[in-house]
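Asker: Would you be able to build a 3D model of this:
(2 chains)
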Amino acid sequence: MNDPLSNVLHIDLSRKRFWTENRNELFNEMIGGSGVAIKLLAEECPKGTDPLAPENPIIFAVGPLTGLYPIASKTVAMFKSPLTGNLGESHCGGRSAVAIRFAGYGAIIIKGFSETPVYLAIHGDKIRFRDASVIWNMANSTTVGRILREKESGSGIRSIMRIGRAGEKKVSYASVVTETYRHFGRLGLGAVFGSKQLKAIVISGKKNIPVSDMKSYREIYQETFRLLSSAEMRKYHELGTSMNVMPLNELGALPTKNLQESKFENAEAISGETFEKNFLGRRVACAHCPVACIHLAALREVYEKEPYFYKTEMISYDYELIFALGSMLGISSPQALLKLMDEVEILGLDAMSTGVALAWATEAQQKGIITTKETNGLKLNWNDEESYSKAVNYIAAQVNEFYETLGKGVTYTSSKYGGKEFALAFGGNEMPGYHTGPATHLGFLIGSRHSHLDNAGYNIDQKALAKISKLTPEEMIDKLIEEEAWRQILSSLVICFFARGIYKSELISKAFKTIGKEFNEKKLKKIGLKILKEKYRFKKREGFIIKNLEIPERIFQTETPSGKLSKEIFNEGLKIAEMKLTSI
Amino acid sequence: MVNRLSVVDVNLCVGCQCCMMACNRRFGEGGTAKSAINIKSIGGVERGFIVIVCRACKDPPCMKVCPTNALTKRPGGGVILNQSKCIGCKRCVETCTLDAIQWDDSTEKPVICVHCGYCTNYCQYDVIKMEETNQ
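Answerer: As a prediction, this is how the structure comes out:
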């Protein structure tokens, strides 16, 4: 069998050199995706590296099932995060993973700094450093995509990753956009691209992936495909993730107006149901995923000065964007919300960090901590889409000292201006849209990327609410760590977390067998823990200490569905977490 | 009665490319390099997709231009490729109005749809189906 997975492509932007290296033993040990990426990051990123220095590596990794089985189509990116100054990890779908796999690589490492703006064209074995000076300073990431689509080959099988203005300006939460609607959103990969003067990467390839047992490959494929057609998966295709707006609001768990409230009076206007009824224009899929969860709203707008002229923009929406740019900012018009989402997409910002940053700024201005002098003349008010739209552009363009600061996240901004108690970030990463109870916030705090996707604490809270189980802090921490360890296996196989209920250890073992590899449940769990441990080793090396984690006071002030949160649970939980994470 | 593959409604296509992966799986490998069906966006996924596949011509131009008679008429429309006669000249690829003949870089031979319908089992959205033709 000649699987190209173990090929690691090294790219040096400073010297404009590239080479490949076979890392078969690494892929056997750590599977792929997150497992391989954390090892490569620890190897390639010197201790104490400035996230925006040439030495900070960008690591992309895919997994052994990518291209062979459906929905194993995420690319894991690892880097040192300019937002948290620590482990940066972000996952992206689109065509990115399948394109990397069929180009013949399991991982790509990009280091260095290009003296002049550059974009990379990776077409199988052919790697080209192409001049990007013409598309540098191009604020709109969608336009960059359109230009490269015409310029490069590989239509239908390629991925085009690119940054917008925010990435060029090195905003700490700038994103990398792929295929227009998917992103390496969190933790600032866009700024790392920008710091290297790397505007875009086009990648395509036509390599086939061998299996060791063709007959059972087709059978296991069929079984997986059938499971993916179940009702459990259909919900992601039907209303999609925005189905969560109404239930979370009814529960009183939808962060609203910088989490001053946990219920939004106009939630219905920005709910999944409203978007479906009035705006849903198309649903599309990542490569090799039959679920098709990407929801695109069609927003028809008139040109004010040109009567009879209209444009229809297609704008991707999801729950987290509705929370961050919607309820968090008190936006009650779906049109206004879509326009804000579009702005954030075009400029290449992480929607979640941007929304939380704007929410902080609004409250800070209302409290007199900042004034119009800082905001460049804006009076930020809840539900004022026009001001927010301008503020988003000011962040991306870094127009003054205040926006330069705000572009480094709310933890940094509040350390400079004050307002820490309502700066909603955990471990330096702005919060996701769940105020469900203690487990979700403990999860953000101890998760290796401080994301709701690390360990799904909201799930534990919801079970407690439904009286299925009420856990002690120790049990909570155990569950969070157990879940995060198992998710390392999914993200090493780069299986989308939506399919976590389908890809259980038994199915994963069977799929592995068809490519000649033996991984039983016990072995998988062991590797999951090992990967988590590697991540924590990196975090500690870069100065992460649980004891030093700051908890924004606001989360204790605003009701959750189970009432106000108790500080004791957090004190105890974090103490236990520190002990357990040291000993795993 | 014989069957041919037909595109029912291209607007239903979500661009997942599961049909392409299915076609390629006939050769027992993962990938799209040997797929006879091709899905791509109409210049950006927001505009939707095009499904490029042999439409089983009754009088196939690709067959007429083949200098070695490697392509012969298939009952029900379209052509059958005789690999041993094919010299890899690509004239069939260039001639097809639909660009529905794909190219296998590893064998340097065309990839031509045999209208087996395997791909239709993996289209969740009923974009493609098998239909009967009288010929």
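Asker: got the residue ranges for the strands in chain B?
Answerer: Ranges of strands in chain B, per DSSP state E, are B:2-7, B:29-30, B:38-41, B:49-52, B:71-73, B:79-81, B:102-104, B:109-111, B:128-133.
Asker: swap that for the stretch 351-500 of chain A, please
Answerer: Per DSSP state E, counting those that start in this stretch, the stretch 351-500 of chain A carries strands over the ranges A:425-426, A:429-430.
Asker: helices or strands up against the first one?
Answerer: So that's strand A:425-426. Other elements packing on strand A:425-426 under the criterion 3 or more CB pairs under 8 Å, 6 or more residues apart in numbering or on different chains; DSSP states H and E are helix A:438-446. Backbone N, C-alpha and C define where each C-beta goes, glycine included.
Asker: List the buried residues of the helix it packs on.
Answerer: A:438, A:439, A:440, A:441, A:442, A:443, A:444, A:445, A:446 (16 or more other CB atoms under 10 Å in any protein chain shown).
Asker: for the third one, what are its contacts?
Answerer: Residue A:440 makes contact with A:434, A:452, A:457, A:458, A:460, A:461, according to CB atoms under 8 Å, 6 or more residues apart in numbering or on different chains.
Asker: Name the nearest residue to it, sequence neighbours excluded.
Answerer: Leaving aside its sequence neighbours, residue A:440 sits nearest to residue A:457 (CB to CB, 6 or more residues apart in numbering or on different chains; 3.9 Å).
Asker: can you check the fourth one too?
Answerer: Counting by CB to CB, 6+ apart, residue A:555 is the residue found nearest to residue A:441 once chain neighbours are left out, at 5.6 Å.
Asker: mind checking pLDDT for that neighbour?
Answerer: With respect to pLDDT, residue A:555 scores 98.
Asker: State the next helix or strand along the chain beyond the one helix or strand it maps to.
Answerer: According to DSSP states H and E, residue A:555 maps onto helix A:554-557. Using DSSP H and E, the helix or strand that directly follows helix A:554-557 along the chain is helix A:567-583.
Asker: and the angle for that next one with helix A:438-446?
Answerer: 40 degrees (axes from the mean of the first three to the mean of the last three CA atoms, to 10 degrees).
Asker: Quick check: chain neighbours aside, which residue is closest to the most far-flung residue of chain B relative to its centre?
Answerer: Relative to the centre of chain B, and counting by CA atoms, centre = their mean, the farthest-placed residue is residue B:46 at 24.3 Å. Nearest non-adjacent residue to residue B:46, counting by CB to CB, 6+ apart: residue A:314, 3.6 Å away.
Asker: State whether the one you found and residue A:296 are indeed in contact, as I suppose.
Answerer: Yes. Between residue A:314 and residue A:296 there is a contact under CB atoms under 8 Å: 4.5 Å.
Asker: which stretches of chain B have low pLDDT?
Answerer: By pLDDT under 70, the weakly predicted segments of chain B are B:1, B:135.
Asker: That one against chain A: which residues are in contact?
Answerer: By CB under 8 Å from any CB of the partner chain, the part of chain B that sits against chain A consists of B:14-18, B:21, B:24-25, B:27-34, B:38-41, B:43-46, B:48, B:105-106, B:122, B:124-125.
Asker: switch the cut-off to 6 Å
Answerer: Within reach of chain A by CB under 6 Å from any CB of the partner chain, chain B has these residues: B:14-18, B:21, B:28-31, B:33, B:40, B:45-46, B:124.
Asker: quick one: residue A:191 from residue A:165, how far?
Answerer: When distance is defined by CB to CB, to the nearest Å, residue A:191 is 12 Å away from residue A:165.
Asker: SS state for residue A:91?
Answerer: Local secondary structure at residue A:91 is given as strand here, using DSSP: H, G, I helix; E, B strand; the rest coil.
Asker: same question, residue A:297
Answerer: What three-state DSSP gives for residue A:297 is strand.
Asker: does it have beta-bridge partners, and which?
Answerer: As for beta bridges, residue A:297 partners with residue A:280, residue A:315 under DSSP bridges.
Asker: Report the separation between it and residue A:339.
Answerer: Noted for residue A:297: a distance of 11 Å to residue A:339, by CB to CB.
Asker: What are the phi and psi values at the residue of chain A positioned farthest from its centre?
Answerer: No residue in chain A sits farther from the centre than residue A:307, which is 40.1 Å out by CA atoms, centre = their mean. Main-chain dihedrals, residue A:307, degrees, to the nearest 10: phi -60, psi 150.
Asker: Tell me who's in contact with it.
Answerer: Listed by CB atoms under 6 Å, 6 or more residues apart in numbering or on different chains, the contact set of residue A:307 is empty.
Asker: Can you check what pLDDT the model gives it?
Answerer: Confidence score, pLDDT, at residue A:307: 87.
Asker: shared neighbours of residue A:314 and residue A:296, anything?
Answerer: Common neighbours of residue A:314 and residue A:296 (criterion: CB under 6 Å, 6+ apart): A:281, B:46.
Asker: Could you tell me how far the residue in the stretch 301-450 of chain A positioned nearest to chain B is located from residue A:280?
Answerer: Closest contact between the stretch 301-450 of chain A and chain B, by CB to the nearest CB, is at residue A:314 (3.6 Å). Here residue A:314 is placed at a distance of 10 Å from residue A:280 (CB to CB).
Asker: Equivalent analysis for residue B:5, please.
Answerer: Distance of residue B:5 to residue A:280, computed by CB to CB: 29 Å.
Asker: more crowded one of these two?
Answerer: Per other CB atoms under 10 Å in any protein chain shown, whichever of residue B:5 and residue A:280 has more neighbours is residue B:5, with 25 against 18.
Asker: count of neighbours near the closest residue to that one other than its chain neighbours?
Answerer: Distances taken as CB to CB, 6+ apart put residue B:115 closest to residue B:5, at 5.0 Å, once the chain neighbours are dropped. Residue B:115 is flanked by 23 other residues according to other CB under 10 Å.
Asker: I'd say residue B:115 and residue B:4 touch.
Answerer: Yes. Residue B:115 is within contact range of residue B:4, at 5.0 Å (criterion: CB atoms under 6 Å).
Asker: Now do residue A:467, the pLDDT please.
Answerer: pLDDT, residue A:467: 82.
Asker: and it, how many residues sit next to it?
Answerer: Residue A:467, neighbours per other CB under 10 Å, totals 7.
Asker: The longest helix along chain B - contacts with which helices or strands?
Answerer: In chain B, assigned by DSSP state H, the helix with the most residues is helix B:18-25. Contacting helix B:18-25 under the criterion 3 or more CB pairs under 6 Å, 6 or more residues apart in numbering or on different chains; DSSP states H and E is no other helix or strand.
Asker: That helix vs strand B:2-7, what angle?
Answerer: Using the same axes, to 10 degrees: helix B:18-25 against strand B:2-7 is 140 degrees.
Asker: which parts of the stretch 1-150 of chain A sit against chain B?
Answerer: Residues of the stretch 1-150 of chain A lying close to chain B (CB under 6 Å from any CB) are A:67, A:68.
Asker: Same check on chain A?
Answerer: A:67-68, A:155-156, A:206, A:208-210, A:214, A:283-285, A:287-290, A:292, A:296, A:314.
Asker: Repeat the analysis, applying 7 Å as the threshold.
Answerer: For chain A, the contact set with chain B under CB under 7 Å from any CB of the partner chain comprises A:67-68, A:70, A:102, A:149, A:155-157, A:179-181, A:206-211, A:214, A:217-218, A:221, A:225, A:229, A:282-285, A:287-290, A:292, A:296, A:314.
Asker: Give the buried subset of those residues as a ChimeraX selection command.
Answerer: Selecting only the buried entries of the residues of chain A next to chain B in ChimeraX, with 16+ other CB under 10 Å as the criterion:
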select /A:67,68,70,102,149,156,157,179,180,181,206,207,208,209,210,211,217,218,221,225,282,283,284,285,287,288,289,290,292,296,314
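Asker: Which of the strands of the stretch 351-500 of chain A has the highest mean neighbour count?
Answerer: Ranked by mean neighbour count under mean count of other CB atoms under 10 Å in any protein chain shown, the strands of the stretch 351-500 of chain A are led by strand A:429-430, which reaches a mean of 28.
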